[in-house]
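J.: sequence and predicted model, in that order:
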Amino acid sequence: MVVSITEVLNQWNTIGIFSYVLPFLIIFAATFGILSKIEIFKENRAVDTIIAFAIGLLALQLDFIPIFFREIFPRYAMAVAILLVFVILVGFFIANDEAKKYFKDYAWVGIVVAVAVILWSLSAWQWGGDNFGIGSWFEDNFWAIVIAIVIGVVIWTIVKKPTNTTTTTSSDRRLKFDLQKIGVSKSGLNIYKFRYRNSPCKAYTGVVAQELLNTQFKNAVVKNGKFFSVDYSKIDVPFRRV
């Protein structure tokens, strides 16, 4: 007996895979990822897991969470398809290096699409039976809101002043320990593996700022208070977490 994919998906829907299991997994994974990133409980993964698990279950007490997920993710898939076509067309007509700059300059397109998806989902979402008129309000004003956002972004893009910002990374010898020389760059800079004193569980590779002060790369060193940082975009050594 051949079972079609449609029948399988309908069975999954009947037993609550789409309404409860997948929303729970998304909420659990997102919460656990955030807790792990901010390290509010340090390296205690057990506490992060318990909190994420509890939040995932508590979020499913009311039916509007599964309903909202059902509304937003099909629209999210459509937005991804639109952006994918946009990326393919840009990549087809623009060289690789130029495309990276193009995507960086026009990242706001993705933001506009994301906001449109959220508003579109809210316009179709009858929150609590729409007792507050939220769903109908978004439905009536959806395109006006989207157009207003697009106009606002265009105006901001035109009037914004160009900024010359430099991102530097703390690279002072005094902030590091467990320094191990692992190589030399093409320009002759020593490459080290090290750990930061304020984050001993994580290892990185990079340079030592003090070693650059008497080289041709001294302009890559910036002093922030008592300590030195390095603008890695000006040297041929990448800063990486290992």
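T.: Nice, thanks for sending it over.

J.: OK, contacts around V113?
T.: Contact analysis of V113 by CB atoms under 8 Å, 6 or more residues apart in numbering lists A79, I82, L83. Bear in mind the C-beta positions are built from the backbone N, C-alpha and C, glycine included.

J.: can you give me the helices in this protein?
T.: 5-14, 22-38, 45-58, 64-93, 96-105, 108-124, 134-159, 209-212 (DSSP state H).

J.: please pick the buried ones from the contacts of V113.
T.: A79 (16 or more other CB atoms under 10 Å).

J.: let's have the contacts of V113 in CSV, adding distance to I17.
T.: Putting these into CSV (distance: CB to CB, whole Å) gives the following:
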residue, distance to I17
A79, 23
I82, 27
L83, 27
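
J.: just the closest of the contacts of V113 to D236, please.
T.: Nearest to D236 among these: L83, at 33.3 Å, using CB to CB.

J.: so that closest one touches I111, yeah?
T.: No. Using CB atoms under 8 Å, L83 is not in contact with I111, being 11.1 Å away.

J.: what residues are shared contacts of these two?
T.: By CB under 8 Å, 6+ apart, no residue touches both L83 and I111.

J.: how many other residues sit next to F68?
T.: Close neighbours of F68, defined as other CB atoms under 10 Å, add up to 16.

J.: is D48 in contact with F41, as I believe?
T.: Yes. Shown here, D48 and F41 form a contact pair, counting by CB under 8 Å, at 6.0 Å.

J.: more crowded one of the two?
T.: Using other CB under 10 Å, the more surrounded residue of D48 and F41 is D48, with 22 against 14.

J.: just the pLDDT for the more buried one.
T.: Model confidence at D48, given as pLDDT, is 90.

J.: please name the nearest non-neighbouring residue to it.
T.: Leaving aside its chain neighbours, D48 sits nearest to L35 (4.1 Å; criterion: CB to CB, 6 or more residues apart in numbering).

J.: least confident secondary structure element in the chain?
T.: None of the helices or strands of the chain scores lower by mean pLDDT, DSSP states H and E than helix 96-105, at a mean of 58.

J.: circling back: burial count for the residue nearest to D48?
T.: Neighbours around L35, by other CB under 10 Å: 19.

J.: then F217?
T.: Going by other CB under 10 Å, the residues that sit close to F217 add up to 20.

J.: ditto for I50
T.: 13.

J.: ok, the nearest residue to F32 once chain neighbours are set aside to E39 distance?
T.: Of all residues not flanking F32 in the chain, A52 sits nearest, at 3.9 Å (CB to CB, 6+ apart). Distance from A52 to E39, counting by CB to CB, to the nearest Å: 14 Å.
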